[in-house]
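Trainee: Structure for this input, please:
(one chain, ligands or ions: 1)
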Amino acid sequence: MPTREPRTARPVVVSIGGSVLLTGDDDVGYLDRLAALLRRVGQEGPLAVTTGGGRTAREYIGLGRKLELTEVELDELGIEVTRLHARLLAARIGSPTPAHPPTTLREVVHELGRASPVVLGGTEPGHTTDAVAALLAVRLRAARMVNATNVDALYDRDPRAYADAHRIEKIPWTEFRALVHGAATGAAGENFLFDRLGADSLARAGIPLAIVQGRNLPALEAALRGRPFDGTQVGGAPTTPP
Ligand code: UTP
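Mentor: Residues are numbered from 1 along each chain as shown. Presented below is the predicted three-dimensional model:
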(Lines give C-alpha, C1' and ligand atoms only; values in the text may rest on other atoms or scores of the structure.)
Protein backbone atom coordinates (compact mmCIF):
# COMPACT_ATOMS: atom_id res chain seq x y z
CA MET A 1 0.00 0.00 0.00
CA PRO A 2 1.48 3.39 -0.91
CA THR A 3 2.43 5.43 2.11
CA ARG A 4 1.24 9.02 2.27
CA GLU A 5 3.93 11.69 2.42
CA PRO A 6 3.90 13.50 5.77
CA ARG A 7 2.36 16.99 5.54
CA THR A 8 5.17 19.45 5.38
CA ALA A 9 5.10 22.58 7.56
CA ARG A 10 3.76 25.72 5.84
CA PRO A 11 6.53 28.17 4.95
CA VAL A 12 7.37 31.18 7.08
CA VAL A 13 8.90 34.38 5.71
CA VAL A 14 10.85 36.93 7.73
CA SER A 15 12.17 40.33 6.69
CA ILE A 16 15.07 41.64 8.74
CA GLY A 17 15.64 45.36 8.54
CA GLY A 18 19.10 46.60 7.65
CA SER A 19 18.94 48.83 10.72
CA VAL A 20 18.63 45.66 12.82
CA LEU A 21 21.51 43.82 11.14
CA LEU A 22 24.05 46.60 11.55
CA THR A 23 23.71 48.96 14.50
CA GLY A 24 27.35 49.34 15.47
CA ASP A 25 26.59 47.52 18.76
CA ASP A 26 27.97 43.95 18.87
CA ASP A 27 27.00 43.29 15.25
CA VAL A 28 29.24 40.23 15.08
CA GLY A 29 27.68 38.60 18.15
CA TYR A 30 24.17 39.42 16.91
CA LEU A 31 24.74 38.12 13.37
CA ASP A 32 26.22 34.95 14.80
CA ARG A 33 23.23 34.29 17.10
CA LEU A 34 20.74 35.30 14.39
CA ALA A 35 22.34 32.90 11.90
CA ALA A 36 22.15 30.06 14.46
CA LEU A 37 18.45 30.81 15.15
CA LEU A 38 17.55 30.95 11.45
CA ARG A 39 19.46 27.73 10.78
CA ARG A 40 17.57 25.97 13.59
CA VAL A 41 14.10 27.22 12.60
CA GLY A 42 14.89 26.69 8.91
CA GLN A 43 15.71 23.04 9.50
CA GLU A 44 12.21 22.45 10.88
CA GLY A 45 10.28 23.88 7.91
CA PRO A 46 10.69 26.11 4.85
CA LEU A 47 11.98 29.53 5.89
CA ALA A 48 12.71 32.47 3.57
CA VAL A 49 14.63 35.47 4.92
CA THR A 50 15.03 38.92 3.38
CA THR A 51 17.67 41.37 4.55
CA GLY A 52 17.36 45.15 4.33
CA GLY A 53 19.97 47.72 3.38
CA GLY A 54 19.68 50.07 6.37
CA ARG A 55 22.04 52.98 6.83
CA THR A 56 24.51 51.72 4.24
CA ALA A 57 21.83 51.69 1.53
CA ARG A 58 20.69 55.18 2.52
CA GLU A 59 24.28 56.47 2.34
CA TYR A 60 24.69 55.25 -1.24
CA ILE A 61 21.22 56.46 -2.20
CA GLY A 62 22.04 59.88 -0.72
CA LEU A 63 25.27 60.03 -2.67
CA GLY A 64 23.52 58.93 -5.87
CA ARG A 65 20.76 61.49 -5.37
CA LYS A 66 23.35 64.30 -5.16
CA LEU A 67 24.77 62.94 -8.42
CA GLU A 68 21.24 63.26 -9.90
CA LEU A 69 20.70 59.57 -10.53
CA THR A 70 17.10 58.58 -11.31
CA GLU A 71 14.87 57.01 -8.61
CA VAL A 72 15.21 53.67 -10.40
CA GLU A 73 19.01 53.92 -10.35
CA LEU A 74 18.83 54.81 -6.65
CA ASP A 75 16.60 51.81 -5.96
CA GLU A 76 19.13 49.63 -7.80
CA LEU A 77 21.92 50.91 -5.54
CA GLY A 78 19.74 50.03 -2.54
CA ILE A 79 19.10 46.54 -3.90
CA GLU A 80 22.84 45.89 -4.24
CA VAL A 81 23.35 46.74 -0.57
CA THR A 82 20.47 44.49 0.54
CA ARG A 83 22.11 41.67 -1.42
CA LEU A 84 25.43 42.32 0.26
CA HIS A 85 23.72 41.82 3.63
CA ALA A 86 22.01 38.68 2.35
CA ARG A 87 25.36 37.30 1.28
CA LEU A 88 26.88 38.03 4.69
CA LEU A 89 24.07 36.29 6.58
CA ALA A 90 23.84 33.36 4.14
CA ALA A 91 27.57 32.74 4.42
CA ARG A 92 27.36 32.63 8.21
CA ILE A 93 24.36 30.25 8.13
CA GLY A 94 26.27 27.99 5.75
CA SER A 95 25.13 24.96 3.75
CA PRO A 96 22.44 24.16 2.59
CA THR A 97 21.57 27.89 2.45
CA PRO A 98 22.58 29.10 -1.02
CA ALA A 99 25.67 31.30 -0.69
CA HIS A 100 24.61 33.34 -3.72
CA PRO A 101 21.30 35.06 -2.79
CA PRO A 102 18.48 34.47 -5.30
CA THR A 103 17.46 37.57 -7.22
CA THR A 104 13.86 36.67 -8.14
CA LEU A 105 10.89 35.21 -6.28
CA ARG A 106 10.85 32.37 -8.76
CA GLU A 107 14.40 31.44 -7.85
CA VAL A 108 13.54 31.53 -4.14
CA VAL A 109 10.60 29.15 -4.66
CA HIS A 110 12.95 26.83 -6.55
CA GLU A 111 15.72 26.99 -3.94
CA LEU A 112 13.28 26.43 -1.05
CA GLY A 113 12.38 23.10 -2.61
CA ARG A 114 15.81 21.82 -1.68
CA ALA A 115 17.21 24.14 1.00
CA SER A 116 16.07 26.09 4.04
CA PRO A 117 16.60 28.80 5.10
CA VAL A 118 17.01 30.76 1.86
CA VAL A 119 18.29 34.33 2.27
CA LEU A 120 17.85 37.12 -0.27
CA GLY A 121 17.90 40.89 -0.62
CA GLY A 122 15.80 43.01 -2.96
CA THR A 123 14.38 42.02 -6.32
CA GLU A 124 13.35 45.01 -8.45
CA PRO A 125 13.05 48.81 -8.10
CA GLY A 126 10.01 50.43 -6.56
CA HIS A 127 9.61 48.75 -3.19
CA THR A 128 11.60 47.50 -0.17
CA THR A 129 12.66 44.10 1.12
CA ASP A 130 9.53 44.10 3.32
CA ALA A 131 7.52 43.95 0.09
CA VAL A 132 9.77 41.22 -1.30
CA ALA A 133 9.10 39.19 1.86
CA ALA A 134 5.36 39.87 1.66
CA LEU A 135 5.13 38.91 -2.02
CA LEU A 136 7.08 35.76 -1.24
CA ALA A 137 4.74 34.97 1.65
CA VAL A 138 1.79 35.24 -0.74
CA ARG A 139 3.51 33.17 -3.41
CA LEU A 140 4.47 30.47 -0.90
CA ARG A 141 1.06 30.52 0.89
CA ALA A 142 3.08 31.16 4.03
CA ALA A 143 1.57 30.57 7.46
CA ARG A 144 2.81 33.99 8.54
CA MET A 145 5.27 36.76 7.88
CA VAL A 146 7.51 38.27 10.53
CA ASN A 147 8.96 41.76 10.29
CA ALA A 148 12.11 42.02 12.40
CA THR A 149 12.51 45.73 12.83
CA ASN A 150 14.23 48.28 15.06
CA VAL A 151 11.20 49.18 17.18
CA ASP A 152 9.72 46.89 19.84
CA ALA A 153 6.14 47.32 18.60
CA LEU A 154 3.78 49.60 16.76
CA TYR A 155 2.61 52.69 18.69
CA ASP A 156 -0.36 54.98 18.08
CA ARG A 157 2.13 57.86 17.84
CA ASP A 158 5.88 58.37 18.06
CA PRO A 159 6.90 57.09 21.53
CA ARG A 160 10.08 59.20 21.41
CA ALA A 161 8.05 62.39 21.12
CA TYR A 162 4.94 61.47 23.20
CA ALA A 163 5.27 59.96 26.69
CA ASP A 164 1.61 58.84 26.54
CA ALA A 165 2.02 56.96 23.24
CA HIS A 166 0.15 53.65 23.33
CA ARG A 167 1.75 50.36 22.38
CA ILE A 168 -0.48 48.45 19.96
CA GLU A 169 -0.58 44.70 20.64
CA LYS A 170 -3.04 43.79 17.88
CA ILE A 171 -4.32 45.70 14.86
CA PRO A 172 -6.63 44.71 11.99
CA TRP A 173 -5.36 44.99 8.40
CA THR A 174 -7.75 47.84 7.54
CA GLU A 175 -6.26 50.08 10.25
CA PHE A 176 -2.68 49.02 9.59
CA ARG A 177 -3.03 49.73 5.87
CA ALA A 178 -4.41 53.19 6.62
CA LEU A 179 -1.36 53.90 8.81
CA VAL A 180 1.10 52.63 6.20
CA HIS A 181 -0.51 54.51 3.32
CA GLY A 182 -0.48 57.72 5.34
CA ALA A 183 3.19 57.37 6.25
CA ALA A 184 5.12 56.92 3.00
CA THR A 185 5.76 58.61 -0.32
CA GLY A 186 7.65 55.74 -1.94
CA ALA A 187 10.96 57.56 -2.65
CA ALA A 188 14.14 55.45 -2.84
CA GLY A 189 15.71 54.80 0.55
CA GLU A 190 12.70 56.07 2.44
CA ASN A 191 12.28 54.43 5.84
CA PHE A 192 8.70 53.15 5.70
CA LEU A 193 6.75 52.08 8.73
CA PHE A 194 6.08 49.10 6.50
CA ASP A 195 6.02 48.83 2.73
CA ARG A 196 2.63 49.76 1.20
CA LEU A 197 2.75 47.08 -1.46
CA GLY A 198 3.76 44.58 1.22
CA ALA A 199 0.86 45.51 3.51
CA ASP A 200 -1.67 45.42 0.65
CA SER A 201 -0.41 42.03 -0.57
CA LEU A 202 -0.52 40.38 2.86
CA ALA A 203 -3.92 41.90 3.67
CA ARG A 204 -5.41 40.65 0.40
CA ALA A 205 -4.08 37.13 1.01
CA GLY A 206 -5.09 37.17 4.71
CA ILE A 207 -1.56 36.35 5.87
CA PRO A 208 -0.85 37.59 9.42
CA LEU A 209 2.13 39.82 10.06
CA ALA A 210 4.12 39.85 13.30
CA ILE A 211 6.18 42.96 14.06
CA VAL A 212 9.04 42.37 16.51
CA GLN A 213 12.25 44.04 17.60
CA GLY A 214 14.77 42.02 15.60
CA ARG A 215 17.51 42.26 18.22
CA ASN A 216 15.17 40.59 20.73
CA LEU A 217 15.92 37.03 19.63
CA PRO A 218 13.48 35.27 22.02
CA ALA A 219 10.67 37.48 20.64
CA LEU A 220 11.83 36.83 17.08
CA GLU A 221 11.94 33.07 17.65
CA ALA A 222 8.44 33.05 19.21
CA ALA A 223 7.06 35.04 16.28
CA LEU A 224 8.75 32.75 13.75
CA ARG A 225 7.22 29.73 15.45
CA GLY A 226 3.74 31.28 15.55
CA ARG A 227 3.72 31.55 19.33
CA PRO A 228 2.66 34.55 21.40
CA PHE A 229 5.44 37.12 21.19
CA ASP A 230 6.45 40.52 22.47
CA GLY A 231 5.47 42.91 19.67
CA THR A 232 2.49 43.75 17.43
CA GLN A 233 0.25 41.27 15.66
CA VAL A 234 -1.30 42.56 12.43
CA GLY A 235 -4.38 40.81 11.10
CA GLY A 236 -4.91 37.64 13.07
CA ALA A 237 -3.56 35.70 16.01
CA PRO A 238 -0.55 33.39 16.02
CA THR A 239 -1.59 30.09 14.44
CA THR A 240 0.16 27.63 16.76
CA PRO A 241 -0.49 27.47 20.51
CA PRO A 242 2.59 27.85 22.75
P1 UTP B 1 15.31 48.22 2.36
O2 UTP B 1 14.47 47.02 2.17
O3 UTP B 1 16.47 48.14 3.27
O4 UTP B 1 14.36 49.43 2.79
O5 UTP B 1 15.82 48.70 0.95
P6 UTP B 1 14.27 50.29 4.13
O7 UTP B 1 12.86 50.70 4.29
O8 UTP B 1 15.31 51.36 4.04
O9 UTP B 1 14.54 49.27 5.32
P10 UTP B 1 15.66 49.14 6.47
O11 UTP B 1 16.09 50.49 6.92
O12 UTP B 1 16.76 48.31 5.91
O13 UTP B 1 14.90 48.41 7.54
C14 UTP B 1 16.64 49.84 0.78
C15 UTP B 1 16.28 50.54 -0.50
O16 UTP B 1 16.61 49.69 -1.62
C17 UTP B 1 15.64 49.82 -2.65
C18 UTP B 1 14.65 50.91 -2.16
O19 UTP B 1 15.14 52.17 -2.60
C20 UTP B 1 14.79 50.82 -0.64
O21 UTP B 1 14.40 52.01 -0.01
N22 UTP B 1 14.99 48.49 -2.92
C23 UTP B 1 15.10 47.47 -2.04
C24 UTP B 1 14.28 48.30 -4.10
O25 UTP B 1 14.15 49.22 -4.92
N26 UTP B 1 13.72 47.08 -4.36
C27 UTP B 1 13.82 46.03 -3.50
O28 UTP B 1 13.30 44.93 -3.79
C29 UTP B 1 14.53 46.25 -2.30
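Trainee: Going along the chain, name the strands of this protein.
Mentor: Listed in chain order, the strands of the chain (DSSP state E) span residues 12-16, 47-51, 118-120, 144-149, 154-155, 167-168, 170-171, 209-213, 232-234.
Trainee: Let me know which of these is the nearest to Ala183.
Mentor: Counting by Cβ to Cβ, Ala183 lies closest to strand 154-155 out of the strands of the chain; the figure is 11.1 Å. Glycine gets a C-beta too; all of them are placed from N, C-alpha and C.
Trainee: Tabulate the strands of the chain (TSV), appending distance to the ligand.
Mentor: Formatted as TSV, the strands of the chain follow (distance: least, Cβ to the nearest ligand atom, whole Å):
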stretch	distance to the ligand
strand 12-16	7
strand 47-51	7
strand 118-120	9
strand 144-149	6
strand 154-155	15
strand 167-168	19
strand 170-171	19
strand 209-213	12
strand 232-234	16
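Trainee: now those strands in TSV, with mean neighbour count, distance to Leu34 and mean pLDDT?
Mentor: Formatted as TSV, these follow (neighbours: other Cβ atoms under 10 Å; distance: least, Cβ to Cβ, whole Å; pLDDT from 0 to 100):
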stretch	mean neighbour count	distance to Leu34	mean pLDDT
strand 12-16	28	7	98
strand 47-51	30	9	98
strand 118-120	30	11	98
strand 144-149	28	9	97
strand 154-155	18	22	89
strand 167-168	16	24	92
strand 170-171	15	26	96
strand 209-213	25	12	97
strand 232-234	24	20	97
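Trainee: Could I get the ones you listed in JSON lines, plus columns for distance to Gly78?
Mentor: Output for the strands of the chain, formatted as JSON lines (distance: least, Cβ to Cβ, whole Å):
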{"stretch": "strand 12-16", "distance to Gly78": "14"}
{"stretch": "strand 47-51", "distance to Gly78": "12"}
{"stretch": "strand 118-120", "distance to Gly78": "14"}
{"stretch": "strand 144-149", "distance to Gly78": "17"}
{"stretch": "strand 154-155", "distance to Gly78": "24"}
{"stretch": "strand 167-168", "distance to Gly78": "28"}
{"stretch": "strand 170-171", "distance to Gly78": "28"}
{"stretch": "strand 209-213", "distance to Gly78": "21"}
{"stretch": "strand 232-234", "distance to Gly78": "24"}
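Trainee: Contact partners for Val234?
Mentor: By Cβ atoms under 8 Å, 6 or more residues apart in numbering, the contact set of Val234 is Leu154, Lys170, Ile171, Pro172, Trp173, Phe176, Leu202, Pro208, Leu209, Ala210, Ile211.
Trainee: again with Ala161
Mentor: Neighbour list for Ala161: empty [criterion: Cβ under 8 Å, 6+ apart].
Trainee: For the protein, list the residues in contact with the ligand, please.
Mentor: 17-19, 52-54, 57, 74-75, 78-79, 82, 122-129, 132, 188-192 (Cβ under 6 Å from any ligand atom).
Trainee: Buried ones from those, can you make that a PyMOL selection?
Mentor: Buried residues within those, by 16 or more other Cβ atoms under 10 Å, are selected in PyMOL with:
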select buried, resi 17+18+19+52+53+54+57+74+75+78+79+82+122+123+125+127+128+129+132+188+189+192
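Trainee: Filter the residues of the chain next to the ligand down to the ones in helices?
Mentor: Among the residues of the chain next to the ligand, the residues falling in helices (DSSP state H) are Gly18, Ser19, Gly54, Ala57, Leu74, Asp75, Gly78, Ile79, Thr82, Thr129, Val132.
Trainee: of all those, which comes closest to Arg10?
Mentor: Relative to Arg10, the closest of those is Val132; by Cβ to Cβ it sits at 18.8 Å.
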